[in-house]
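Colleague: Fold the following and give me the result.
(chains A and B)
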Protein chains: 2
Amino acid sequence: MAQNIYDNPDFFSGYSRLPRQVHGLAGAPEWPALCAMFPEMAGKRAVDLGCGFGWVSRWLRENGAKAVLGVDLSESMIARARQTTADPAIDYRLADLETIALSEAAFDFAFSSLTFHYISDFDRLARMIHRSLTAGSHFVFSIEHPVFMAATHPRWIEDEDGRKTWPVNRYAIEGERRTNWLAKDVVKYHRTIATTLNVLIRAGFVIEAVDEFAPSVQQIRENPALKEELERPMMLLVSARR
Amino acid sequence: MAQNIYDNPDFFSGYSRLPRQVHGLAGAPEWPALCAMFPEMAGKRAVDLGCGFGWVSRWLRENGAKAVLGVDLSESMIARARQTTADPAIDYRLADLETIALSEAAFDFAFSSLTFHYISDFDRLARMIHRSLTAGSHFVFSIEHPVFMAATHPRWIEDEDGRKTWPVNRYAIEGERRTNWLAKDVVKYHRTIATTLNVLIRAGFVIEAVDEFAPSVQQIRENPALKEELERPMMLLVSARR
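Modeller: Residues are numbered from 1 along each chain as shown, chains lettered A, B, ... in the order given. From the prediction side, this is the model:
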């Protein structure tokens, strides 16, 4: 079973105050890049894996999806998500992505935001998602970038010119990483980009596009703190087709 | 035109003494991983882009290729390559990958080793290679990994535990990088992994496999200096299909 840090009260309280939870999709700078990977949503049955408060699940429904299933490991998340909508075409369910089994060909679009790096068995999950999609369906997701999470001590340092610099080590050594982010000992799983893409390809997906999120000039103008995201990739966005 | 550093006598002299030039493919630790991406070579017409001394061109011919074209920007390289074989089915030609135009559907396999990071217009090159291949052909290549070449000062540093660590900055800022490697001011072009893969996909290729070379336990046992390659990816290997 995946670690359920989200139901830790301290973590949940900190998480709820993140810009992307307070402001929703407008607080997620990678959202426009993710969104650009979406197919036309009209009439689609969508699944949102690790739906959190349900921001994307509701967006998918508002943008034409016929039905949306949002799943999350966290009871607090699912409870909050359920409070935000009375739409009978959105179903929020408690489930662990390490063991979840969706019905065959039950969906026409699969999505996940910043969740899969908490999952140890991505191979099983990718094959399960492939089975749950109809032929031609898109699968779009984001994860923490492996360059961001590889090192024993991931943090900003300065190079000899004073430039913000991100140290990388243990890149080829995949597996558990423990970090202190909102709570102590949050468990994540480091996989190389190659592994993430090869797992998808072996599961039967065709890679359609890859994005290593970087802010636009416009985004940096509006939020100068984003400028540091030019120095190292923090998020990996993938669009694949079944 | 691409910088022709290889015909600089100092560079050429240093380059000729590199393990992979003295020992050939046995001196290239990524060779087994690259080779594992190759299709059956029997009867294929192959092109080797940036063939250098022709090690791979000859290997392809010895492993069944019907004909091999090896191209390189460097006269010294092509001269040396020509001296190594009298096989009429291997053709070594002087050409600049920035401007080369191969005939349509002239090849059944395209290969390149550690060359494309010297090319500024990868988009043009990828589309040209796609056109030059027959349907179903494989295209396998290696480049310097963007994590290896992104930073202003790419070099080993130590983290607080004394672990070898690779600093990354300017990852999202693509374009020219100048390094001193065997000679001063060697010009390379940094592109993100996303850009490299998206250029291939937009040219019409399907990504078959990606490898961020890391040495095996066996390779580290035989050559302990390779161990540091576990800390950061130095090479990106890609297999694509037309």
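Colleague: buried set for the biggest strand by length in chain A?
Modeller: Secondary structure of chain A per DSSP state E: the longest strand is strand A:133-144. By neighbour count on 16 or more other CB atoms under 10 Å in any protein chain shown, the buried set for strand A:133-144 is A:L133, A:S137, A:H138, A:F139, A:V140, A:F141, A:S142, A:I143, A:E144. No exception for glycine: its C-beta is placed from N, CA and C like everyone else's.
Colleague: And it, what does it pack against?
Modeller: strand A:107-113, strand A:235-241 (3 or more CB pairs under 8 Å, 6 or more residues apart in numbering or on different chains; DSSP states H and E).
Colleague: The first one pairs with which strands, parallel or anti?
Modeller: Strand pairing for strand A:107-113, determined by DSSP bridges: strand A:45-49 (parallel), strand A:133-144 (parallel).
Colleague: could you dump those strands to CSV with distance to A:A33 and mean pLDDT?
Modeller: Rendered in CSV, the data for those read as follows (distance: least, CB to CB, whole Å; pLDDT from 0 to 100):
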stretch, distance to A:A33, mean pLDDT
strand A:45-49, 17, 98
strand A:133-144, 9, 98
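Colleague: Adding distance to A:L34, write those strands out as JSON lines.
Modeller: Below are those laid out as JSON lines (distance: least, CB to CB, whole Å):
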{"stretch": "strand A:45-49", "distance to A:L34": "12"}
{"stretch": "strand A:133-144", "distance to A:L34": "6"}
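Colleague: what's the closest of these to A:G64?
Modeller: strand A:45-49 (9.7 Å; CB to CB).
Colleague: hang on, A:E160 packs against B:H153?
Modeller: Yes: assessed by CB atoms under 8 Å, A:E160 is found in contact with B:H153 at 6.1 Å.
Colleague: Tell me, how many residues neighbour the closest residue to A:I207 other than its chain neighbours?
Modeller: For A:I207, ignoring the flanking residues on the chain, the nearest one in space by CB to CB, 6 or more residues apart in numbering or on different chains is B:I207 at 4.6 Å. Applying other CB atoms under 10 Å in any protein chain shown, we find 22 residues neighbouring B:I207.
Colleague: buried residues in the helix or strand containing A:S57?
Modeller: Take DSSP states H and E as the rule and A:S57 turns out to sit in helix A:55-62. For helix A:55-62, a neighbour-count test (16+ other CB under 10 Å) marks A:W55, A:V56, A:S57, A:R58, A:W59, A:L60, A:R61 as buried.
Colleague: What of stretch A:155-174?
Modeller: Buried residues in stretch A:155-174 (16+ other CB under 10 Å): A:D159, A:T165, A:W166, A:P167, A:V168, A:N169, A:R170, A:Y171, A:A172.
Colleague: Closest one of those residues to chain B?
Modeller: A:A172 (3.5 Å; CB to the nearest CB).
Colleague: for the residue nearest to the closest one when sequence neighbours are not counted, what are its contacts?
Modeller: In space, and not counting its chain neighbours, A:A172 is closest to B:A214: 3.5 Å by CB to CB, 6+ apart. Going by CB atoms under 8 Å, 6 or more residues apart in numbering or on different chains, B:A214 touches A:Y171, A:A172, B:E229, B:L230, B:P233.
Colleague: now the strands for chain A?
Modeller: A:45-49, A:67-72, A:90-94, A:107-113, A:133-144, A:157-158, A:164-168, A:175-181, A:183-190, A:206-212, A:235-241.
Colleague: so which of the ones you listed comes closest to A:A26?
Modeller: Using CB to CB, the nearest of these to A:A26 is strand A:107-113, at 14.2 Å.
Colleague: count of residues packed around the residue lying closest to A:D161 once chain neighbours are set aside?
Modeller: In space, A:D161 comes closest to B:T152 once its chain neighbours are excluded; the distance is 6.4 Å by CB to CB, 6+ apart. Around B:T152 there are 15 other residues, counting by other CB under 10 Å.
Colleague: for B:T152, phi and psi?
Modeller: phi -60, psi -40 (degrees, to the nearest 10).
Colleague: how far away is it from B:W55?
Modeller: 33 Å (CB to CB, to the nearest Å).
Colleague: Could you do A:Q83 as well?
Modeller: Between A:Q83 and B:W55 the computed distance is 65 Å (CB to CB).
Colleague: cool, A:L94 as well?
Modeller: 57 Å.
Colleague: One more: A:D123?
Modeller: Per CB to CB, A:D123 is found 35 Å from B:W55.
Colleague: Kindly report the same for A:A150.
Modeller: For A:A150 relative to B:W55 (CB to CB), the value is 32 Å.
Colleague: what do you get for A:S113?
Modeller: Taking CB to CB, one finds A:S113 at 45 Å from B:W55.
Colleague: re the thing from before, tell me the one among the buried residues of helix A:55-62 nearest to chain B.
Modeller: Scanning these for proximity to chain B, where the rule is CB to the nearest CB, the winner is A:V56, at 21.4 Å.
Colleague: Need the pLDDT of the closest one.
Modeller: Here, the pLDDT recorded for A:V56 equals 97.
Colleague: before we move on, what about A:F116?
Modeller: Looking at A:F116, the pLDDT reads 98.
Colleague: pretty sure it is in contact with A:F139, am I right?
Modeller: No: using CB under 8 Å, A:F116 makes no contact with A:F139, being 11.2 Å away.
Colleague: what do the two both touch?
Modeller: Common neighbours of A:F116 and A:F139, using CB under 8 Å, 6+ apart, do not exist here.
Colleague: which parts of chain A sit against chain B?
Modeller: A:147, A:151-153, A:157, A:159-161, A:163-173, A:192-194, A:197-198, A:201, A:206-212, A:214, A:229-233 (CB under 8 Å from any CB of the partner chain).
Colleague: so the residue nearest to A:D161 touches A:D159, yeah?
Modeller: Yes: the criterion here is CB under 8 Å, and B:T152 meets it with A:D159 at 6.4 Å.
Colleague: shared neighbours, the two?
Modeller: B:N169.
Colleague: how about the helices and strands packed on strand A:133-144 in JSON lines, adding mean pLDDT and mean neighbour count?
Modeller: Formatted as JSON lines, the helices and strands packed on strand A:133-144 follow (pLDDT from 0 to 100; neighbours: other CB atoms under 10 Å in any protein chain shown):
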{"stretch": "strand A:107-113", "mean pLDDT": "98", "mean neighbour count": "23"}
{"stretch": "strand A:235-241", "mean pLDDT": "98", "mean neighbour count": "23"}
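Colleague: List just the one of these that sits closest to A:G70.
Modeller: strand A:107-113 (9.5 Å).
Colleague: In PDB, list the C-alpha atoms belonging to the closest one.
Modeller: This file holds the C-alpha atoms of strand A:107-113, laid out as PDB (Å, rounded to 0.1, in the frame of the first residue of the first chain):
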ATOM      1  CA  PHE A 107     -12.500   5.100 -20.000                       C
ATOM      2  CA  ASP A 108     -11.600   7.200 -23.000                       C
ATOM      3  CA  PHE A 109      -9.200   9.500 -21.200                       C
ATOM      4  CA  ALA A 110      -6.800   9.000 -18.200                       C
ATOM      5  CA  PHE A 111      -5.200  11.800 -16.300                       C
ATOM      6  CA  SER A 112      -2.900  12.100 -13.300                       C
ATOM      7  CA  SER A 113      -1.300  15.100 -11.700                       C
END
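Colleague: Give me the below-cutoff pLDDT ranges for chain A.
Modeller: Counting by pLDDT under 70, chain A shows no low-confidence range.
Colleague: again, only this time at 90
Modeller: A:1-27, A:179-186 (pLDDT under 90).
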